[in-house]
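**Q** Make a model of this:
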Amino acid sequence: MGNNTYFYFMLFENLGHIRYALFSLGFVLYCVIIILNILIILATFLERTLHQPMYILISCLSINSVYGTAAFFPRVLLDLLSDTHTIPYEACIIQSFVIFSYAANEFTTLMLMAFDRFVAISKPLRYHNIITLRVITVLIFVHWIFPMLCLGISGILTARLTMCGNKLWKVYCHNYEIVKLSCTNTISNNIWGFFILIITAVIPLCLILYSYVKILIICQRSSSQFRSKAYQTCIPHIVILLNFSIAIISEITLSRFLNLEMPTWLSVIFSLEFLVVPPILNPLVYALNFTDIRKKIICLIKW
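**A** Model (predicted):
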């Protein structure tokens, strides 16, 4: 089978009338995700007092959530209502790129947040000289573009493969699942995939853990007032980090090791967690824990 073909999403078959309930649930979730994250973005953009590195990084998470879910929800909602569940080869490659660049951008943004908090707590007097708007803009640009370039190369490597199958046992295009359908040598794809995993997930996660361990050590040596203030700004980031890390680990484990050893519906739920839960949880956590953001969002809602 050549590359100018279609893939079939097998999990949408034989859903019966339950697909309408799933469509309704998916539509509501997508609307909630868009509304919550747009409110965070508008609050940060319109309120000048929020033009600070920490709030800019929070808005970057929301921008990334809108970006990633736009590649998933419209497509899956269309498939739920359609009688044919196919996607062109090129569109599948693009969807896979967007979804996994979203995941990579999430990790790199969380890494920059950990670095921002580390500098703020370890060097409070020099913080505004070290973490300027120009510095944080450059860091965001570099740490978003580099993973996307790497994932772009991965997409090119996958596009060059000759397919011997066209059945995807996912509800979205997954690069590893596409590679498994190839009847040609995929060693280069697998090696590059592990390289991407290391630079976009393993290394950022290690740096994040290192930053928060150093923050914890500093807090233990400081006054109770300083410790309370530090915990207040760090705990929301840690909650977001734990949720996203668990979701990504579940997705990687399921797709590579356990996908055939558990019920299909449970596998689908775990594989979708990183696409559904963080985009909802992130704005809720930050809106509830940061007074400045919450006040501006309330003003926007009233307006």
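**Q** where in the chain is pLDDT low?
**A** Applying pLDDT under 70 to the chain picks out residues 1-4, 256-262.
**Q** helix or strand right after the helix or strand Trp192 falls within?
**A** According to DSSP states H and E, Trp192 maps onto helix 187-197. Counting by DSSP H and E, the next helix or strand C-terminal to helix 187-197 is helix 203-220.
**Q** what ranges do the helices span in the stretch 151-300 of the chain?
**A** Per DSSP state H, counting those that start in this stretch, the stretch 151-300 of the chain carries helices over the ranges 175-180, 187-197, 203-220, 224-253, 264-289, 291-302.
**Q** Could you pull out the buried residues of the fourth one?
**A** Right, helix 224-253. 227, 230, 233-234, 236-238, 240-241, 243-245, 247-248, 250-252 (16 or more other CB atoms under 10 Å). Glycine gets a C-beta too; all of them are placed from N, C-alpha and C.
**Q** for stretch 92-111, same thing?
**A** In stretch 92-111, counting by 16+ other CB under 10 Å, buried: 92-93, 95-111.
**Q** for stretch 33-52, same thing?
**A** 33-34, 36-41, 43-44, 47, 50, 52.
**Q** Pick the one among the residues you listed closest to Tyr20.
**A** Lowest distance from Tyr20 to the buried residues of stretch 33-52 (CB to CB) belongs to Ile33, with 20.4 Å.
**Q** Can you tell me how far the residue lying closest to the closest one once chain neighbours are set aside is from Phe97?
**A** Distance criterion CB to CB, 6 or more residues apart in numbering; nearest residue to Ile33, sequence neighbours excluded, is Pro279 at 4.5 Å. Applying CB to CB, to the nearest Å, the value for Pro279 to Phe97 is 18 Å.
**Q** Which strands and helices lie in contact with the longest helix along the chain?
**A** Scanning the chain for the helix with the most residues, using DSSP state H, yields helix 89-122. For helix 89-122, the packing partners by 3 or more CB pairs under 8 Å, 6 or more residues apart in numbering; DSSP states H and E come out as strand 6-9, helix 53-70, helix 127-130, helix 133-159, helix 175-180, helix 203-220, helix 224-253, helix 264-289.
**Q** now for these, which one comes closest to Phe195?
**A** Nearest to Phe195 among the helices and strands packed on helix 89-122 is helix 133-159 (7.5 Å), distances taken as CB to CB.
**Q** other SSEs contacting the closest one?
**A** Using 3+ CB pairs under 8 Å, 6+ apart, helix 133-159 is in contact with helix 53-70, helix 89-122, helix 175-180, helix 187-197.
**Q** can you tell which of the ones you listed is closest to Trp265?
**A** Nearest of the helices and strands packed on helix 133-159 (CB to CB): helix 175-180, 17.6 Å.
**Q** Next, the buried residues of that closest one.
**A** Buried residues in helix 175-180 (16+ other CB under 10 Å): Asn175, Tyr176, Glu177, Ile178, Val179.
**Q** okay but the first one is in contact with Phe100, surely?
**A** Yes: when contacts are counted by CB atoms under 8 Å, Asn175 is listed as touching Phe100 (6.5 Å).
**Q** tell me the contacts of the residue nearest to the spatial centre of the chain?
**A** Centroid-nearest residue in the chain, with CA atoms, centre = their mean: Ala103, separated by 3.4 Å. Under the criterion of CB atoms under 8 Å, 6 or more residues apart in numbering, the neighbours of Ala103 are Gly68, Thr200, Ala201, Ile248, Phe274.
**Q** Please produce TSV containing these, extended by distance to Trp169.
**A** Listed next are the contacts of Ala103 as TSV, based on distance: CB to CB, whole Å:
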residue	distance to Trp169
Gly68	21
Thr200	24
Ala201	23
Ile248	20
Phe274	18
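**Q** biggest separation within those, which pair?
**A** Longest span within those, CB to CB: Gly68 and Ala201, 15.0 Å.
**Q** So if I had to pick from these two, which one is more boxed in?
**A** Gly68 (23 against 20; other CB atoms under 10 Å).
**Q** Is that one in contact with Val98, as I believe?
**A** Yes: applying CB under 8 Å as the test, Gly68 and Val98 come out as touching, 6.7 Å apart.
**Q** still on that earlier bit, nearest to Val76, of the buried residues of helix 175-180?
**A** Among those, and counting by CB to CB, the member closest to Val76 is Glu177, at 15.2 Å.
**Q** where's the nearest residue to Phe9 once chain neighbours are set aside relative to Gly165, distance?
**A** Excluding the flanking residues, the one nearest Phe9 by CB to CB, 6+ apart is His85, at 4.3 Å. Distance of His85 to Gly165, given as CB to CB: 15 Å.
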